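Chemist: below is the sequence, then the predicted model.
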Amino acid sequence: MPIVAPMDVDGFVVRAGFLGDAAYVATGEGAIHFVEVGETHLAPHKNGLLAAEPSFDGKSLITSGDDGAIYASSPDGSSELLAERPRKWIDLIACGPNGAVAFASGRTAWVRLSDGREKEFAHDRAVGGIAFAPKGLRLAVSRYDGATLWWAGTEGKPVNLTWKGAHLGTSFSPDGKYLVTAMQENALHGWRLSDNQDMRMTGYPAKVKSFSWSAKGKYLATSGANAAIVWPFFGKTGPMGQSPLQLGTRSDVLVTAVACHPKEEAVALGYQDGMVMMSRFEDNAEVLLRRPGGHPITSLDWDNAGLRLAFGSEKNEAGIISLQDG
């Protein structure tokens with residue numbers, strides 16, 4: 001049976017996950033908790049914490065807040081100020097190769113390179129989401145009526161991808177062939193980047209706020225329904241013409257967070273009522289990891305071995321679920 005070890009946290013959990021063997025939980029109250037052999041507690045931001053993302057090398061947690069600051073914090077208790085935009089709410093961050101960090105506020109996105117240099121990317125409309133391509137310093141910025149692809153390390157011309165509507169969270173496929181955005185309406189939109197072919201993924205009863213690529217990048221698991229909607233991205237046309245898998249279906253409770261297993265074709269699902277489940281792609285076999293009865297799950301993430309799952313909820317709940325090896 002899975003073992004659930006709760007963590008003592010206050011407030012909304014912005015992000016829960018692992019840096020190597022150390023589990024972390026970052027809350028909207030501004031606290032960052034690291035748990036390894038002992039516990040380390042940090043509060044680098046003056047006020048609230050708005051976004052958190054593990055660095056590309058997995059050694060630090062990059063956070064931003066309503067103080068306009070971006071910090072890199074580590075389980076050893078250190079915090080380094082990477083960038084600052086006074087009087088701006090920095091609610092979007094992304095981590096890329098070679099120590100690059102992107103952040104955004106309003107209509108502007110910035111990229112901080114590892115040597116401390118910064119590049120600014122201005123847009124006509126507010127930035128909805130940012131993501132780095134898996135290879136190379138290419139930054140995707142989602143916005144109203146589409147997305148823009150920028151070269152952060154060179155002066156190459158940007159590429160504009162167009163589709164009407166407000167585009168929010170964004171993600172590249174692990175092979176870099178696709179870009180997918182969650183829209184303000186209850187839908188996903190995607191582009192095949194080789195020819196900018198549009199891909200429309202609809203039918204959700206709620207907004208998609210969480211998505212996760214499978215271990216081999218063949219599937220994209222998403223929240224926003226009473227099951228994890230898992231789109232196939234193999235073949236020449238990606239999900240077009242293929243039906244998604246529907247895993248962990250419950251009659252009247254929405255999935256609010258998803259995290260694909262790092263090694264197996266399986267996904268962890270967090271629900272509106274605090275329940276956490278694991279479901280296998282092949283046959284929809286299910287394992288209950290945490291019983292219902294809490295607040296909506298906001299964040300899920302596996303450790304590298306796929307034996308521990310960190311979770312957090314909207315209010316005062318977080319922990320580590322340990323699976324038995326084999």
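Modeler: Yep, it's here.

Chemist: other residues contacting the host helix or strand of Thr298?
Modeler: Using DSSP states H and E, Thr298 maps to strand 297-302. By Cβ atoms under 8 Å, 6 or more residues apart in numbering, the residues outside strand 297-302 that reach it are 12-18, 210, 256-259, 261-262, 268-272, 274-276, 308-314. C-beta here means a position set from N, CA and C on the backbone, and glycine is covered the same way.

Chemist: average model confidence for stretch 26-40?
Modeler: Stretch 26-40 comes out with an average pLDDT of 92.

Chemist: any idea how far apart the tips of that stretch sit?
Modeler: Stretch 26-40 has an end-to-end distance of 12 Å (Cα to Cα, to the nearest Å).

Chemist: in stretch 293-310, what's buried?
Modeler: 294-303, 306, 308-310 (16 or more other Cβ atoms under 10 Å).

Chemist: how long is stretch 179-188 from one end to the other?
Modeler: End-to-end distance (Cα to Cα), stretch 179-188: 10 Å.

Chemist: how far out from the middle of the chain is that stretch?
Modeler: Distance of stretch 179-188 from its chain centroid, counting by Cα atoms, centre = their mean, to the nearest Å, is 14 Å.

Chemist: swap in stretch 103-121?
Modeler: The answer for stretch 103-121 is 19 Å, by Cα atoms, centre = their mean.

Chemist: run through who's touching that stretch.
Modeler: Residues outside stretch 103-121 that contact it (Cβ under 8 Å, 6+ apart): 64, 68, 70, 82-83, 85, 88-94, 96, 98-102, 122-127, 130, 137, 139, 141, 148, 150, 152-153, 158.

Chemist: now, of those residues, which are buried?
Modeler: Buried among the contacts of stretch 103-121 by 16+ other Cβ under 10 Å: 64, 68, 70, 82-83, 85, 88-90, 92-94, 96, 99-102, 123, 127, 130, 137, 139, 141, 148, 150, 152-153.

Chemist: for Asn98, which three-state class applies?
Modeler: helix (DSSP: H, G, I helix; E, B strand; the rest coil).

Chemist: buried residues, stretch 232-248. List them.
Modeler: Pro232, Phe233, Gly238, Pro239, Met240, Pro244, Leu245, Leu247, Gly248.

Chemist: repeat for stretch 108-115
Modeler: Buried positions in stretch 108-115, judged by neighbour count with 16+ other Cβ under 10 Å: Thr108, Ala109, Trp110, Val111, Arg112, Leu113.

Chemist: adding distance to Ala206, secondary structure and pLDDT, write those residues out as CSV.
Modeler: Shown next, in CSV, are those (distance: Cβ to Cβ, whole Å; DSSP: H, G, I helix; E, B strand; the rest coil; pLDDT from 0 to 100):
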residue, distance to Ala206, secondary structure, pLDDT
Thr108, 30, strand, 96
Ala109, 27, strand, 97
Trp110, 31, strand, 97
Val111, 32, strand, 97
Arg112, 34, strand, 96
Leu113, 38, coil, 94
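
Chemist: tell me the one of those residues nearest Trp191?
Modeler: Ala109 (18.5 Å; Cβ to Cβ).

Chemist: now that closest one. Nearest residue, chain neighbours left out?
Modeler: Leaving aside its sequence neighbours, Ala109 sits nearest to Phe121 (Cβ to Cβ, 6 or more residues apart in numbering; 4.6 Å).

Chemist: quick check: mean pLDDT of the helix or strand hosting the one you found?
Modeler: Assigned by DSSP H and E, Phe121 falls within strand 118-122. The average pLDDT within strand 118-122 is 95.

Chemist: all set now, cheers.
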